[in-house]
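> structure, please.
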Amino acid sequence: MKEAAVHVIGGGLAGSEAAWQLASAGVPAVVHEMRPLRRTEAHTGGHLAELVCSNSFRSDDALHNAVGL
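This is a model prediction of the structure:
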């Protein structure tokens, strides 16, 4: 029986890491990413796992980042 793929929404750092960990464990993964069909001011490149804001670095300083918004 063929194993069903896990669908990962977003190809940012977390989505790329999740897909890589799944694939490393032998679990098929499909990444759904808005680019290159759609871009934003922060997402100008066509690559995955871009460093685009404070969320990319996962600071635990809630006063100076956008984690959780």
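> quick one: which helix or strand includes the nearest residue to residue 13 once chain neighbours are set aside?
Using Cβ to Cβ, 6 or more residues apart in numbering and skipping residues adjacent in sequence, the residue nearest residue 13 is residue 49, 5.1 Å away. Heads up, the C-betas are built off the backbone N, CA and C, glycines and all. Secondary structure from DSSP states H and E places residue 49 outside every helix and strand.
> so what's residue 48 up against?
By Cβ atoms under 8 Å, 6 or more residues apart in numbering, the residues touching residue 48 are 11, 12, 15, 16, 31, 33.
> correction: residue 30
5, 6, 7, 8.
> each with direction, which strands does the helix or strand where the third one lies pair with?
This points to residue 7. Using DSSP H and E, residue 7 sits in strand 6-9. Using DSSP bridges, strand 6-9 pairs in its sheet with strand 29-32 (parallel).
> report how many residues lie close to residue 28.
Applying other Cβ atoms under 10 Å, we find 13 residues neighbouring residue 28.
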